[in-house]
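**Q** pasted the sequence and its predicted model underneath.
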Amino acid sequence: MINPGYVLTMARYNAWQNKQLMVAMEGLSDAALRADRGAFFGSILATANHLLWGDQMWMARFQGTELPAGGIAQSTTLHPTFATWSAARFRMDGRILLWAERVTALDLVGDLSWYSGFMKQDVTRPKGALIVHMFNHQTHHRGQIHAMLTAAGVKAPVSDLFFMPEDGPWL
């Protein structure tokens, strides 16, 4: 389904996109970041927090480390300010990149099992598909943030993969 090159390319894309979103978001006031804009999670900051929490959850599962606190309902308030969110986002993007640099073809086969607090049951799915899901989840919520930034009058960043700087591996 996927290979290590795909994982590294998507990890680079994730970090590049998040860096651009941070620049766009830092020009907004706290009130503008928290304003309910009709998105699934309401505000720009709430959506950014949920996305960060999701990445923390998936990386904990992939790496066998401690899960982040709370569930989906608490994910939107993970970090109360842009400053704390952006610092945590930067660290998470570095963690994802370091992980992606070490992923081997063998890491992408087999199943991953966990208990889903949302579904209230044990779940088992193919690892490769779950990794694709993590990157798809990121893109989905960054798209929501992009739309909210545009609606707030901020020039949202370019998001096309082929515009990503070529300072690293591609597929």
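**A** Cool, got the structure. Residues are numbered from 1 along each chain as shown.

**Q** doesn't A31 fall inside a helix?
**A** Yes: when classified by DSSP: H, G, I helix; E, B strand; the rest coil, A31 is found to be part of a helix.

**Q** give me the buried positions along the longest helix belonging to the chain.
**A** Within the chain, and with DSSP state H defining each element, the longest helix by residue count is helix 127-151. Buried positions in helix 127-151, judged by neighbour count with 16 or more other C-beta atoms under 10 Å: 127-128, 130-132, 134-135, 137-138, 141-142, 144-149. All C-beta atoms are positioned from the backbone trio N, CA, C, and that covers glycine.

**Q** with stretch 88-101 instead?
**A** Those would be A88, R89, M92, D93, R95, I96, L97, W99, A100, for stretch 88-101 by 16+ other C-beta under 10 Å.

**Q** go through the residues you listed and flag which are in helices.
**A** Using DSSP H, those in helices are A88, R89, M92, D93, R95, I96, L97, W99, A100.

**Q** surely the fourth one touches N14?
**A** Yes: at 6.4 Å, D93 and N14 qualify as touching, with contact defined as C-beta atoms under 8 Å.

**Q** quick one: find the helix or strand in this structure with the lowest mean pLDDT.
**A** Using mean pLDDT, DSSP states H and E, the weakest-scoring helix or strand in the chain turns out to be helix 72-75, at a mean of 84.

**Q** gap between the closest residue to Q63 other than its chain neighbours and G64?
**A** Spatially, and ignoring its direct neighbours in sequence, Q63 is nearest to W99 (6.6 Å; C-beta to C-beta, 6 or more residues apart in numbering). Distance, W99 to G64, using C-beta to C-beta, to the nearest Å: 12 Å.

**Q** which residues do these two both contact?
**A** Counting by C-beta atoms under 8 Å, 6 or more residues apart in numbering, no residue touches both W99 and G64.

**Q** right, and A48 touches A88 too?
**A** No: look at A48 against A88 with C-beta under 8 Å: they stay out of range, at 10.0 Å.

**Q** not counting its neighbours along the chain, what's nearest the residue nearest the centre of the chain?
**A** Nearest to the mean C-alpha position of the chain, by C-alpha atoms, centre = their mean, lies Q138 at 4.0 Å. Excluding the flanking residues, the one nearest Q138 by C-beta to C-beta, 6+ apart is N14, at 5.3 Å.

**Q** so where is the chain shaky, pLDDT-wise?
**A** Where the chain drops to pLDDT under 70, the residues are 167-171.
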